[in-house]
Each structure stands twice: as C-alpha cells, then as structure tokens.
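*Asks:* Mind folding the following:
(one chain, ligands or ions: 2)
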Amino acid sequence: MLLDPFARAISYLRVSVTDRCDFRCTYCMAEQMTFLPKAELLTLEELDRLCGAFIGLGVKKLRLTGGEPLVRRDVMTLFHALGRHLKSGALEELTLTTNGSQLARHAEGLKAAGVRRVNVSLDTLDPAKFTAITRWGKLDKVLEGIRAARDAGLRIKINTVALKGVNEGEIEDLVRWCGEAGYDLTFIETMPLGEIDQDRTDQYLPLSLVRARLGQVFTLEDTDYRTGGPARYVTVRETGQRLGFITPLTHNFCESCNRVRLTCTGTLYMCLGQEDAADLRAPLRADPTDGALIEAIHEAIGRKPKGHDFVIDRRHQRPAVGRHMSVTGG
Ligand code: SAM
Ligand code: SF4
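*Replies:* Ligands and ions are numbered 1, 2, ... in the order given. As a prediction, the model looks like this:
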C-alpha cells in the first residue's frame, strides 16, 4: 500500500492522457494554447505500464482525463488494456472525465472495456452560451454523447463549473434537468490554474452562495455519502437526486485526499494545487523490470504535501499554479 507522510492511503490515480482538447473553455484555457510536441508524450503502452505499476501498489480507482481523453488517437486500446485489471479484481473502478464531444462514438466501446460510469462536463443547457463558454463546442453533440452513454448503460455524472454572471441563473434548471434524467450533478468552483484570457475574479462564484440559493427552492438534505473524492453531497428531496459540491476555495478538502495525478509525459503531481512533481518517465524507460519505477513512485508519495493554498482575489493576480487544469487533469 502507498501511504503518504500524513498517513493517507493513495488509492486513486488520475491520468491525463493528452493535454490537447477540441474545446477551449474560457475558465480552463487561453484561446491560443501551446500544446506539447507529440514526441514528448508517453506511448499508450507506456501509460498502461505506469498504471499497472500503481495498481500493483494498491491503486483501486483509475480515471482517465485530459485535456480531452477521447481525442487521443487510439485511446480505446488503453481502456481495453486497463480493463484486464478490472477482470482480475485488482482494480475496482475504471472511469473517465470527458467533455462529451466524442462520447457518441465511444460509449459502447467504453462499456465493453469495463467502464461503468462517466463524468461529463456541462456548464449550460443554452446552445449559444455553451459555445461562448467552450469557444469551440456544440451543445447538441454533447447531449447526443450523453444520451449514447446512457443508452449504453453507463451511469452519468454531470460536472458543472459555477461561473459568476454566466451560468449562475441556470443552476436551478440544471438541477431539475439532471433530476429528471437521473444523472448525478456536481458543482465545482473555478480554481486558479494556468493563465487564461480573463481575470478569474470575474468568474469566481462561491458555492456557498449557490447552495444557499438552491436551498430556497429545493429541500437539500445532508448525507454522509462520499465517493472517496473531494465532493460533499446532499440529496435533493424533490428530485431524489444526489448533488455534489467541490469547494476547493471555500472549503479545504485536503485532509482526506487519496489521489495523485499523472500527466501524459509521465510527470507525477502529488497535489493539484502545488508545483512539486516527480518524473516517472526516466525510471520507466531506464528499467524494463519496473524496479526503478516503483522506487520512484514510493519516493514521490513520500513527499505528498499536506494541502494546496489556492486563493482567488484581486491581490493575487497570478494563478496559484502555472500549469493549466488540462495538463494535470480534472
Ligand atoms: N476535457 C475533459 C472535461 O472537460 O471534462 C476533462 C478534463 S477537464 C480539465 C476536467 C474538469 O476540470 C472539467 O469538469 C472542467 O470543467 C474542470 N476545470 C477545468 N479548468 C478548471 C478550473 N480552472 N477550475 C475548476 N475546474 C476546472
Ligand atoms: Fe477542454 Fe475540458 Fe479544459 Fe474544456 S475543461 S478546455 S473541455 S480540457
């Protein structure tokens, strides 16, 4: 088992399989992004080996993310390869976070690989607003993807970033829409990761406010339900649905952190909100027996920090962390 210095067991690995994306969400990326040269990327076989090493060390949940994971060429071969760890029982869950744009054509394949649930990011149900937020996205494509995933038998969780003055008037509609369709819904606060084209204080909407407003319309019942992730959940009595809140800024969730994040170049970040990282590509390539890799993983987990120190306010003009969310994955 992997234990960090604060006795937290590391059982969850998120892997950003590409930093590229077919959207340019305003809170995530600048419109003109420089992506990694393709030659820098680990191959899918190398990513599979790295994941296998973590699973061998006790990781039980694996989430592929990005950038947009479904735009990486042949990514389904990686899903299918990783599915063998589900069959053996070593892995409990294989899942992904996606913008949904390519979900219609991959939903059946994901189910066949052993994926049982998928997180789809969706910030609005208004087509024009959707394109304004994502710059390059089309709402109907994403809705088609979500339907295909549901028809394939995948459970769906919608992730919505709460954005001041953008989707704040739609929060109630999103709760109803998800409630009617049977999707779980989690709201996320914007985090200060990477340079974007605008001031983040203009986008930041505290979820304490969102929750208070929802509480005037719905009956929100606190629950003990936890997925091992950072969200806190309530049940909406009127719809019966589970509603999550991820509040990195108004609420510190670090004490129960069980995860680490791997990038598509083999860099391991022990915390989403800190710069410290470990290179796993060199040991991976240097030693085909995985001995050096396993040693490097242990060494990295041994310096997992206690928590992040995100702040968004006008005195902190620079992002807390220089890299974008699309590098380390959401
Ligand atoms: N492209 C996929 C997607 O959008 O679902 C996966 C990667 S994306 C980086 C993962 C999640 O991070 C998405 O739900 C997205 O809305 C969220 N996200 C991106 N940048 C963020 C930021 N600066 N603060 C908070 N959430 C962010
Ligand atoms: Fe792409 Fe996801 Fe970032 Fe939007 S949030 S730009 S879909 S990586």
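*Asks:* all strands for the stretch 51-200 of the chain, in order.
*Replies:* Along the stretch 51-200 of the chain, the segments classed as strands by DSSP state E, counting those that start in this stretch run 61-65, 93-98, 117-121, 155-161, 184-188.
*Asks:* nearest to ligand 2, of those strands?
*Replies:* strand 117-121 (5.8 Å; Cβ to the nearest ligand atom). C-beta: built from backbone N, CA, C; applies to glycine.
*Asks:* ok, and what's touching that closest one?
*Replies:* 25, 63, 93, 95-100, 103, 110, 142, 145-146, 149, 154-161, 330 (Cβ atoms under 8 Å, 6 or more residues apart in numbering).
*Asks:* and with 7 Å instead?
*Replies:* 95-100, 103, 110, 146, 149, 154-159 (Cβ atoms under 7 Å, 6 or more residues apart in numbering).
*Asks:* go on, stretch 217-235?
*Replies:* Under Cβ under 7 Å, 6+ apart, the answer for stretch 217-235 is 12, 61, 172, 175, 186, 214, 236-238, 242-246, 253, 258.
*Asks:* In strands, which of the residues you listed fall?
*Replies:* Tyr12, Lys61, Thr186, Val236, Arg242, Leu243, Gly244, Phe245, Ile246 (DSSP state E).
*Asks:* Just checking, which of the residues you listed comes out lowest on pLDDT?
*Replies:* Minimum pLDDT across those is recorded for Ile246, with 88.
*Asks:* right, and that one touches Thr190 too?
*Replies:* No: the pair Ile246 and Thr190 fails to qualify as a contact (Cβ atoms under 7 Å) at a distance of 10.8 Å.
*Asks:* Which one of the two is surrounded by more residues?
*Replies:* Thr190 (24 against 21; other Cβ atoms under 10 Å).
*Asks:* The more buried one: what's it in contact with?
*Replies:* Thr190 touches Tyr27, Val161, Leu163, Arg200, Gln203, Tyr204, counting by Cβ under 7 Å, 6+ apart.
*Asks:* coming back round to it: kindly supply the ChimeraX command isolating those of the contacts of stretch 217-235 that are buried.
*Replies:* Of the contacts of stretch 217-235, the buried ones go into a single ChimeraX selection, burial set by 16 or more other Cβ atoms under 10 Å:
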select :12,61,175,186,214,236,242,243,244,245,246,258
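*Asks:* Show me the subset of the contacts of stretch 217-235 that also lies near ligand 2.
*Replies:* Near ligand 2, taking Cβ under 6 Å from any ligand atom as the test, no member of the contacts of stretch 217-235 is found.
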